[in-house]
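> pasting the sequence and the predicted coordinates here, then a few questions.
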Amino acid sequence: MNDRSLSTLTIFGFVILGTICLGLRSRSIERDEAAREDSTWELTCDAHFEALNAKGDQEIQVRFAVPFDTRHCRLLHEDSFTSNPNLNAKLLRPNPATGNRMLSFSTRQAATAPFDAHAKFVLRLSPRPNSSQPNLESLGSRDRFLRPELDLPTAEPSVRQIAQLLPADRQTDFDRLQWVFNYCSEIDSGGNAQPSDDAQIALTTKHGSAKAQARAMVTLCRVLGFPARLVTGFIIRQGANIQPHVWAEVFQNQEWVPFDPANGYSLNLPLNYVPVRRDATQAHSSQNVTGLTMRYSIKRLPPDTRLAQAEVHHPLQILSLTRLPLKMHNVMKILLLLPFAALITTIIRNVVGVGTFGTFSPALLAMSFIYADWKTGLAILLMVIMVGLIGRASLERLRLLTVPRLSIILTGVVLCVVFGVSTLHYMVPAISAEVVLLPMIILTNLIERFHVSADEDGIAYTVKLAVGTLFVALLCYLVLMADRVGNFVLTYPEAHFFTIAVFIMLGRYAGYRLTELWRFRDLVDSGEAAR
Amino acid sequence: MIGKPRRLIAWPHELEEAGVLGINQRNLAFIQASNPRALYPRVDNKTITKEICHAHGIPVPETYAVIRRYGDLRRFSQIIGNRSEFVIKPASGAAGRGIVVIASRKGKVYVTSSGREINESELDYHLSTILSGLYSLGGQVDCAIVEQRIIMHPIMSRIAVGGTPDVRVILYKSVPVMAMVRLPTTLSEGRANLHQGAVAAAVHLVTGRTFGGVCQNQAVERHPDTGEQIGGWEIPGWRALLGAAMKLSDALELGYIGVDFVIDAKLGAVVLEANARPGLAIQVAHRTGLLPRLKLIDSLPPQAIKGETRWEILPRLVGE
């Protein structure tokens, strides 16, 4: 196998290796994240009821609403069981108009004993939105969500009067909705009397239950011409006796926007709001039954086992750099960004063709500027250049050997920097001294290189190199400063398999450098002249 | 080219058509492929190059002394004796760095070829900086060579300004593929280094006559200082020079090299140094690329590029 195909093979190897590692680790990191952030809950519904007519000539039925899958909630599984073998549990098809799904318990058998029906729903809540859930929903018939209903008295003159209160300066739809929301939020359930569920009473007296607030909001919206509906659901939290909660949804900009005036949420609801039934104020329905009691309880299920595993020491954790203490992250990030700086240097030198002092001194120079902030870095740069130039010019006459001469300049620079830091500290007490360490040594070395090159290759050539060095250093600085990229490589250091692949490609690049297009331009001209 | 504005850049396909060898391709396909790293010291250290030349009867400037230790510095005046003309150069220096040419002396004061006077302690200092590695590749500890000063051939002195012109021959697989003569200018401060502004003229491989020219990567016809036509004269002893280049290339066993000569008035062409990474400006001087010539040599059978048969390839290389 020749070197060319071997290189191509190696490039492919690294790309495949990088892809595999990145794929595996991103899935594992995603799962870790899910284990940390997601929560699983068990919603239990218990119904206790008797048949209205013990003869069994009518079908008796109790239905539980099944939680919806939303962008932040997923129904993992459901389970049902009953006390009476004659009671048939069945998951009904979604209602085409509302999308509601019901779990039905029904029987036609005659029975005198009371029935018990139970259902369990396991839900997972996640803060990361599930993008497969559509954001946009269809409205269906617009009129359906504008008409009066039994509990939504849109035709009542007192309600219409309240709608007239909407200030004329509310220009946009959201402004108007905000006013409605504010109005309904002001309805309070306080006081001694049992608050009413009635929308009209709530609107006129500003006193009512949470359900009344939602109904009031939907009613007002419909009066003002906004399609609106009620939603029943649960606010997920651990509890033995949880009541379903009712809130409002308004169709706006092609989607149903939630408002919960009772708890003061609009446009976005907290993650733990899980709708179970739309266009209704109860989480269940029944037929031909009597003495129905419903009980809802919610239990937090134990977290994912991965979370527990994270507590035990495991050698594989070495691969995860993000687990390191936060203090180390910055250093690790800069180290991990250095290959990118080297990549830039390689491209500028081998593909563009700009010369620099040394191969990696631009990258090191840039790194030293990261350790110091750029102002301190610039101050040190100027100081080192000044001391270096003055020092070297005056030492020239003493005729010293290279290393001792360099050491004297370094000592001079050290003294200047130390007293510079002391001066800075005198003026601004909060300054750290470590920041000056790296730039100083790198710069001192560069000064010497500059001088030798100026002596030997001429000042024009040297200035060209110096400009090239500064240019590449600036590019490297920008790369090293890229925090987003830094965070990415810290999480996925295997991304550098791709970097190596790119380096191999650059290492096999035998094409012209950009500067050669300029350098050899005369050759082409004369070639044409010859033709 | 005259009357036509210089274009800003050439497109890659145009350079390819012109057969221009770029740095990346030179490094990958020629230097890396045919110059084993282990043999680099043969060219990077001039003392070794000179030993090889001696062993194969290739003319080089006579070595007076090699100074390897700081202790030897004290014996310097002893080494020099009463010589008034000599050259000090670092054994591993690159691109003519650290070379001092002493043309005459007044007692303890030495006068360089450019007329600068330096005393013994200054010379001492220069020698010690050479030993400390200031001029060597990678800054390694070096040694200093004290050798015979070359007396410029009278033909050369006509077009040389403030320094000695040298002749570079580029050889691939020990066959000369291109040659040029590099002429110092005021800009290059007497050094035959193209980086610093020296002028180069192409040399016809078969006839040894100069033509074309380049200065600062720009095609030129005349010397920028004297205005003298740089083309149209003949390098003295051209065949001998090429013969020496081939012999040295055989001995060095490096596939792609540049050999630098100076033409001494008495000795003729003597080897100054060899270079394992010769530059590419020679192509501009020739107004043609190296690639077609290198490819031609690659296409030849091994026996055709050995010994005396190599002479027969030269006309084909220059397209005759």
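Nice, I can see it.

> these two touch, right, B:Asp225 and B:Ser188?
No: with contact defined as C-beta atoms under 8 Å, B:Asp225 does not reach B:Ser188; the gap is 10.0 Å. Where C-beta positions appear, they are placed from N, C-alpha and C, glycine not excepted.

> these two: which has the busier surroundings?
Shown here are B:Asp225 and B:Ser188; by other C-beta atoms under 10 Å in any protein chain shown, B:Ser188 has more neighbours (25 against 17).

> what sits against the residue nearest the centre of chain A?
Residue closest to the average C-alpha location in chain A (C-alpha atoms, centre = their mean): A:Arg128, at 7.1 Å. Contacts for A:Arg128 were tallied using C-beta atoms under 8 Å, 6 or more residues apart in numbering or on different chains; they are A:33-34, A:37.

> if we use 10 Å, what do you get?
Taking C-beta atoms under 10 Å, 6 or more residues apart in numbering or on different chains, we find A:Arg128 in contact with A:30, A:33-34, A:37-38, A:71-72.

> now, which of those lie within strands?
Counting by DSSP state E, no part of the contacts of A:Arg128 is found in strands.

> between those residues, which is closest to chain B?
Lowest distance from chain B to these (C-beta to the nearest C-beta) belongs to A:Glu30, with 41.5 Å.

> next one: phi and psi at the residue of the stretch 101-250 of chain A at minimum distance from chain B?
Going by C-beta to the nearest C-beta, chain B is nearest to A:Ser131 of the stretch 101-250 of chain A, at 44.2 Å. Reported as degrees, to the nearest 10, the phi and psi values for A:Ser131 are phi -70, psi -10.

> and A:Asp3, how many neighbours?
The burial count for A:Asp3: 11, using other C-beta under 10 Å.

> give the contact list for it.
Each residue near A:Asp3 by C-beta under 10 Å, 6+ apart is listed here: A:508, B:28, B:32-33.

> would you format these as TSV with distance to A:Val502 included?
Shown next, in TSV, are the contacts of A:Asp3 (distance: C-beta to C-beta, whole Å):
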residue	distance to A:Val502
A:Arg508	11
B:Leu28	17
B:Gln32	20
B:Ala33	23
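
> just the buried ones from these?
Those of these that meet the buried threshold are B:Leu28, by 16 or more other C-beta atoms under 10 Å in any protein chain shown.

> pull the most distant pair out of the contacts of A:Asp3.
Pairwise distances across the contacts of A:Asp3 (C-beta to C-beta) peak at 12.4 Å, for the pair A:Arg508 and B:Ala33.

> ok, of the contacts of A:Arg128, which come out buried?
A:34, A:38, A:72.

> so where is chain B shaky, pLDDT-wise?
B:1-5, B:94-96, B:137-139 (pLDDT under 70).

> next one: the closest residue to B:Cys215 other than its chain neighbours from A:Val289, what distance?
Leaving aside its chain neighbours, B:Cys215 sits nearest to B:Val199 (4.5 Å; criterion: C-beta to C-beta, 6 or more residues apart in numbering or on different chains). B:Val199 sits 109 Å away from A:Val289, going by C-beta to C-beta, to the nearest Å.

> go on, A:Gln161?
Computed as C-beta to C-beta, the A:Gln161 to A:Val289 distance reads 40 Å.

> so which of the two has more stuff around it?
A:Val289 (18 against 11).

> so what's that one up against?
Taking C-beta under 10 Å, 6+ apart, one finds A:47, A:49-53, A:60-62, A:105, A:114-115 in contact with A:Val289.
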